[in-house]
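# Return a 3D structure for these sequence lines:
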Amino acid sequence: MAEDVEDTLCSLLRNREFSLVLDESTLPGNEAILLAYVRFIKDEHLMQELLFAKELKIDAKGHSIFRIVDEYFKEKKIPTKNILAVATDGASSMVGCHRGFVAYLKEMVPEVLEIHCVVHRQHLVAKYLSRRLNESLQCVITAFSRIKSNSLKDGLFQRFCEENDEEFNRLLLHTEVRWLSKNMTLRDELKSPEADIAYLADLYFKFNEMNVQLQVSDLNLVKTKSRISAFVSKLVLYKWNLSHSEFCQFPDLAAATKNAIPHDAGSDIQLYCDHLQTLHDDFKRRFHDVLSMEVPNWVFDHFTNPVDAEVYLQEELINLQSNEELKLRLKHGYDQFWLQKQIPISYPGQWSVVKKLLISLPSSSLVERCFSVVTDLLAKKRKRLQKVNRGDLRLRLSSIEPEAEKLVRSHLLQCSS
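This next block holds a predicted model:
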């Protein structure tokens, strides 16, 4: 069944443009695998499917990754020119100027849009802490990790919390790779009067909220720009409010500083304001491509003045504005409107602009979820099976239904004449 699903997927990709997202990870046992996801349009809807899972037998260098992808595309007869955009985690093996995967791909598809995963970039920004803030965070993580080091300590801590009527009685074990667990560790267990810990708990809560927004299945470049831009503006607001002793956006910090000595509180606030400014500057630097991306007004407002559009699109825009049949889909949102079958045929100029905004995958969160499924399969006493060749991985992640009737017919006994 998995082979049938894969054949159906590859058949779809042979005659339409799609975006590709790649990521590699190491499994328990030091096995490195490469996962690839694709997003494409089918029946006026965006679909996201696992393309393949391949073992990296020698190394994870850019050329090795490209060779695996290229061989798969040739085997399945998928034209590489159909790749509209490619998203990676930004590692040198992926985006290196000369020997990265993207560099090799651009030799074959020069127009491909390169995207650095927005969640990974957010992680890089959030990791930055001043020396004092980092020491405060490490103290909390060390204490919590010590409690979680064995079941006895964990059980005693749980009983202690229950006896004191605490709202939470379990700790999350922090790992550096999954940094968002910091927020749950700090916020859920926060009972310390330390202002640094309170500030970090509030801040990571806000990072967590944005991270969730950047992992939704319908995320596109337009929504990505909107959410990143909003968060950058909020950082300016947070700094301004804190500098004027307004803590409404930092409830844990407000509680921690309620009884603080004014002189000490003032120096703490300055530290947090400086940190927020650094985050703001780092966000603008790392997300410069997203924040500077131009999204034409006519993408959202189809009745914008044609004079404001590019000259080569003005006539198309007038034709679009006069099409009464297409207007019926406006109420479903701009993305559903542009996914109509008539758009690429009747308005190729506008579609050439819109397609990258809608089809591109800005985040590798789909691949991260796939790695979680792989780990789950390994936990079910299947460690001796080959992860990359198993059909249950594809069937568990795919929305494509296998053609049951065709499979049944292929297995029927053929009577000899």
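# Return the helix or strand in the protein with minimum mean pLDDT.
Lowest by mean pLDDT, DSSP states H and E among the helices and strands of the chain is helix 181-188, with a mean of 49.
# After that helix, heading C-terminal, what element do we hit next?
The helix or strand immediately downstream of helix 181-188 is helix 195-213, counting by DSSP states H and E.
# what comes up buried for stretch 231-242?
For stretch 231-242, the neighbour count (16 or more other CB atoms under 10 Å) marks 231-232, 235, 238-239, 241-242 as buried. (C-beta placed from N, C-alpha, C; glycine too.)
# Show me the contact partners of that stretch.
Contact partners of stretch 231-242, identified using CB atoms under 8 Å, 6 or more residues apart in numbering, comprise 206, 210, 247-250, 269, 272-273, 276-277, 279-280, 283-284, 287, 291.
# ranges for the strands of this structure?
Secondary structure of the chain (DSSP state E): strands at 18-27, 31-42, 45-55, 83-88, 113-116.
# Let's have those in TSV, adding mean neighbour count.
Formatted as TSV, these follow (neighbours: other CB atoms under 10 Å):
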stretch	mean neighbour count
strand 18-27	22
strand 31-42	20
strand 45-55	19
strand 83-88	24
strand 113-116	20
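# For Ser217, which of these is the nearest?
Between Ser217 and the strands of the chain, the shortest gap by CB to CB is with strand 45-55, which sits at 6.7 Å.
# For the residue most central in space within the chain, give its distance to Ser267.
The centre of the chain sits closest to Ser363, judged by CA atoms, centre = their mean, with a distance of 2.9 Å. In this view, Ser363 and Ser267 are 38 Å apart by CB to CB, to the nearest Å.
# ok, now Leu137?
Separation of Leu137 from Ser267 (CB to CB) stands at 19 Å.
# who has more neighbours, these two?
Leu137 (20 against 9; other CB atoms under 10 Å).
# From Arg132, how far out is the closest residue in space to the more buried one that isn't next to it in sequence?
Among residues not flanking Leu137 along the chain, Leu200 sits closest, at 5.9 Å (CB to CB, 6 or more residues apart in numbering). Leu200 sits 11 Å away from Arg132, going by CB to CB.
# coming back round to it: selecting buried members of the contacts of stretch 231-242 in ChimeraX, what would you type?
Entered in ChimeraX, the line below selects the buried ones among the contacts of stretch 231-242, by 16+ other CB under 10 Å:
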select :206,210,247,249,250,269,272,273,276,279,280,283,287
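# In terms of neighbours, single out the busier of Leu200 and Arg132.
Applying other CB under 10 Å to Leu200 and Arg132 shows that Leu200 carries more neighbours, namely 26 against 12.
# Does the more buried one touch Asn134 like I think?
No. With contact defined as CB atoms under 8 Å, Leu200 does not count as touching Asn134 (9.7 Å).
# any idea how far Ile78 is from Asn15?
Distance from Asn15 to Ile78, by CB to CB: 10 Å.
# Contacts only, for Ser363.
21, 87, 117-119, 214-215, 219, 224.
# among those, who's most crowded?
Most surrounded of these: other CB under 10 Å gives Ala87, at 28 neighbours.
# and that residue, what are its bridge partners?
Val21, Ile115 (DSSP bridges).
# thought it was touching Ser364?
Yes. Here Ala87 lies in contact with Ser364, judged by CB under 8 Å, at a distance of 5.9 Å.
# what touches both of these two?
Listed as contacting both Ala87 and Ser364 by CB under 8 Å, 6+ apart are 21-22, 117.
# Next, the contact list for His120, please.
So His120 contacts 89-90, 364 (CB under 8 Å, 6+ apart).
# distance between the ends of stretch 307-321?
Separation of the first and last residues of stretch 307-321 by CA to CA, to the nearest Å is 13 Å.
# Buried ones in that stretch, by neighbour count?
309, 313-314, 316-317, 320.
# of Asn15 and Ile78, who's got more company?
Ile78 (21 against 9).
# any idea how far Ile228 is from His280?
12 Å.
# likewise Glu294?
22 Å.
# Show only the entries of the contacts of stretch 231-242 found in helices.
Among those, DSSP state H puts 206, 210, 269, 272-273, 276-277, 279-280, 283-284, 291 in helices.
# Return the two entries of the residues you listed that lie farthest from one another.
It's Ile269 and Leu291 that sit farthest apart of the ones in helices among the contacts of stretch 231-242, by CB to CB, at 27.7 Å.
# I figured Gln340 hits Asp43, correct?
No. Applying CB under 8 Å as the test, Gln340 and Asp43 come out as separate, 10.9 Å apart.
# What pLDDT is listed against the nearest residue to Gln249 once chain neighbours are set aside?
Leaving aside its sequence neighbours, Gln249 sits nearest to Tyr238 (CB to CB, 6+ apart; 5.7 Å). pLDDT, Tyr238: 96.
# Check Glu194 too.
75.
# Near it, how many other residues are there?
Neighbours around Glu194, by other CB under 10 Å: 14.
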